[in-house]
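1. show me how the following folds:
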Amino acid sequence: MNKGKVFLVGAGPGDAGLITLKGIRAIKEADCIVYDFHVNPRLLTYARKDAEFIYAGKRGGHHEMTQDEINRVLVEKAKEGKTVCRLKGGDPFVFGRGGEEVEVLVEEGIDFEIVPGISSVIAVPAYAGIPVTHRKVASAFTVITGNEDLSKQERIFTHIRASNQAETMIFLMCVRNLDIITNKLIDEGLSPQTPSAIIRWGTRPEQKVITGTIKEIASLAREHKISPPAILVIGDVVKLREKLNWYEKKPLHGQRILITRQLTDEYLKLEDFGAELFVFPTIDFLPPQDFTELDRAINEIELYNFIVFPSPRAVKFFFERFLTLGRDMRDLKGVSVCAIGRETARSLRDFGINADIVPEEFNSESLTKMFKEEILRFAHADKIRILYPRSDIAIKGFVDEMQASGIEIDAPVTYRTVKPTEHGKRLARFLREGKITIATFTSPSSFLNLIDILKDEVKELLKEVTIAAIGKTTAKAIEDAGYKVSIIPEKSTIKDMVEAIIKWVKQKQS
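-> Numbers count the residues shown, from 1 in each chain. Modelled structure (predicted):
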């Protein structure tokens, strides 16, 4: 039997940046990913397109799969010869049942590897501005599960030095038993005035921190409607929050922004400013089903005066086919290369090509004007031939304008768009719960595909979300469908859209 391997990976407490490099590698290499509710969905975007996803999460006491079912799936998939990534919130071995899962793998003779994760024990207090130790305040910390059977409560607290104020106590999964925990500690001698904090959804946009004395923290939690997931921190280190609080002060804290295309580095500035990104590409890209037109153009590449690349994706798919047909970059001698946008120009450099032309503005009208006024005056119009590699749904405004001017232009389909649907259920739930605050769209199709994917009820909920469109064409498609566009950058680039979002949020806050 061909046995695979299971990677037990800690995904951290929620912030997608708190996973290890080794954890990302395990996700990228997995044939199958078995993931929990608390895992940030952005981490799933690292997975292969053909990877199998199995949701095993637990939410509000509801189990999607029992632990025995999870164990069985891990064994079955590994015995099929697959590489399995068991993606768990926090650290697998800190109250995560990771030990139980590994025991089953050992019994079945299945190879495994543990990839530790950053535990909420240290990360959540840190994001609340609370160090679990401090040289002048606390020299030790104790971690206790707050979710034990009440019949065990005597055993839970006997090892805690309740009178030692130099120690920090951290209770995980504590909301249900908050009154029992705090009353028991006071009964055992801990001062009722001991500082404490309860932190809900730590490291996420919904992070909420309530502070008070241990005597009052349970009633404060009820007053502020604190529900799981939350942790309780007890000790004088809580006093440092007033000085060290940093995460909630970020200008985009509390914003969860929907990205409806593949994630690129330009979007990461939103995370730097405190937002969480929910990546749900409504368009995926594949080679054309018929290469006839593209192959003809590549085989006649020397006959073109210009190649105009409209996007990094056009660059990627064009040169993949170009090289497959046995051509190389020397064949482009004498052909001027135009890149629409800085990102496209960077993609060309990856293939060893510096763009000859990078227009100041990135739309078909400006590109047409530039070719007419700046380039055509250097050559006779009847000698100009342009190659324009495009997607199957690209708007052909530039192509039509050039043809109307008597310019010979070929626009072969270089890649095609398809509609993915993975993780649509989680997006729908986030919309129902009001967790998506801003939705971004970079093309009419990115919006129309999302509308096609969502059910009628959720389509209406999208109207309550702030919408950002990369340009006027995209904005018009959105508004024609009955939605309001609040953010449109001056230039049609992702970088400018990101800056416009930051500016809009800051203006709303002022």
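
2. how near is Val175 to Lys435?
-> 19 Å (C-beta to C-beta, to the nearest Å). From N, CA and C alone the C-beta is placed, and that goes for glycine too.

3. neighbour count winner among those two?
-> Neighbours per residue (other C-beta atoms under 10 Å) separate Val175 from Lys435, with Val175 holding more: 21 against 18.

4. for Lys463, which non-adjacent residue is closest in space?
-> Tyr483 (5.8 Å; C-beta to C-beta, 6 or more residues apart in numbering).

5. count the neighbours of the one you found for me.
-> Count around Tyr483 with other C-beta under 10 Å applied: 20.

6. surely it touches Leu462?
-> Yes: in this structure, Tyr483 is within contact of Leu462 by C-beta atoms under 8 Å, at 6.8 Å.

7. which stretches in the stretch 401-510 of the chain count as strands?
-> Applying DSSP state E, counting those that start in this stretch to the stretch 401-510 of the chain gives strands spanning 408-410, 413-418, 438-441, 466-469.

8. state the mean pLDDT of the shortest one.
-> Across strand 408-410, pLDDT averages out at 91.

9. which residues touch Thr437?
-> Going by C-beta atoms under 8 Å, 6 or more residues apart in numbering, Thr437 touches 205, 254-257, 465-466.

10. what distance do you get for it to Glu464?
-> Taking C-beta to C-beta as the measure, Thr437 falls 10 Å from Glu464.

11. how is the chain partitioned into domains?
-> 5-117, 122-244, 256-283+421-509, 286-417 (automatic domain parsing).

12. turn those into CSV, including distance to Lys250.
-> Listed next are the domains of the chain as CSV, based on distance: least, C-beta to C-beta, whole Å:
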stretch, distance to Lys250
domain 5-117, 12
domain 122-244, 10
domain 256-283+421-509, 3
domain 286-417, 26
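
13. before we move on, the earlier item: for the strands of the stretch 401-510 of the chain, which one ends up most surrounded?
-> Burial of the strands of the stretch 401-510 of the chain is given as mean neighbour count (mean count of other C-beta atoms under 10 Å); strand 438-441 ranks first at a mean of 25.

14. the helices in the stretch 401-510 of the chain, which residues?
-> Ranges of helices in the stretch 401-510 of the chain, per DSSP state H, counting those that start in this stretch, are 424-432, 444-453, 456-462, 472-480, 494-509.

15. how about stretch 337-351: buried residues?
-> For stretch 337-351, a neighbour-count test (16 or more other C-beta atoms under 10 Å) marks 337-341, 343-345, 347-348 as buried.

16. still on that earlier bit, okay, and which of the contacts of Thr437 map to strands?
-> Per DSSP state E, strands hold the following members of the contacts of Thr437: 256-257, 466.

17. let me have those residues in CSV, extended by distance to Asn40.
-> Converted to CSV, those look like this (distance: C-beta to C-beta, whole Å):
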residue, distance to Asn40
Arg256, 11
Ile257, 13
Thr466, 21
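
18. now, among those, which is nearest to Arg200?
-> Proximity of these to Arg200 was ranked by C-beta to C-beta; the top entry is Arg256 with 15.3 Å.

19. distance of Ile502 relative to Asp496?
-> Counting by C-beta to C-beta, the gap from Ile502 to Asp496 is 11 Å.

20. same deal with Ile283?
-> 20 Å.

21. same question, Thr168
-> 45 Å.

22. these two: who's more crowded?
-> Neighbours per residue (other C-beta under 10 Å) separate Thr168 from Asp496, with Thr168 holding more: 24 against 17.

23. quick revisit: relative to Ile502, how far out is the residue nearest to Lys463?
-> For Tyr483 relative to Ile502 (C-beta to C-beta), the value is 22 Å.

24. check Gly434 too.
-> Relative to Ile502, and taking C-beta to C-beta, Gly434 is found at 21 Å.

25. ok, which stretches of the stretch 251-400 of the chain are helices?
-> Going by DSSP H, counting those that start in this stretch, the stretch 251-400 of the chain shows helices at 268-272, 292-299, 312-324, 342-350, 364-370, 397-404.

26. which residues sit against the fourth one?
-> Translated: helix 342-350. 264, 266, 309-312, 314-316, 337, 339, 354-355, 358, 493-495.

27. buried subset of those residues?
-> 266, 309-312, 314-316, 337, 339, 355, 358, 493-495.

28. give me the contacts around stretch 199-209.
-> With C-beta under 8 Å, 6+ apart, stretch 199-209 has contacts from 12-15, 18, 40, 120, 123-125, 127-128, 197-198, 224, 226-231, 233, 241, 247-248, 253-256, 275-276, 435, 437.

29. could you rerun that using 7 Å?
-> The contact list for stretch 199-209, computed with C-beta atoms under 7 Å, 6 or more residues apart in numbering, reads 13-15, 18, 120, 123-125, 127-128, 197, 226, 229-231, 233, 247-248, 253-256, 276.

30. ok, now stretch 318-331?
-> By C-beta under 7 Å, 6+ apart, stretch 318-331 touches 291, 294-295, 298, 301-302, 351-353, 389, 414.
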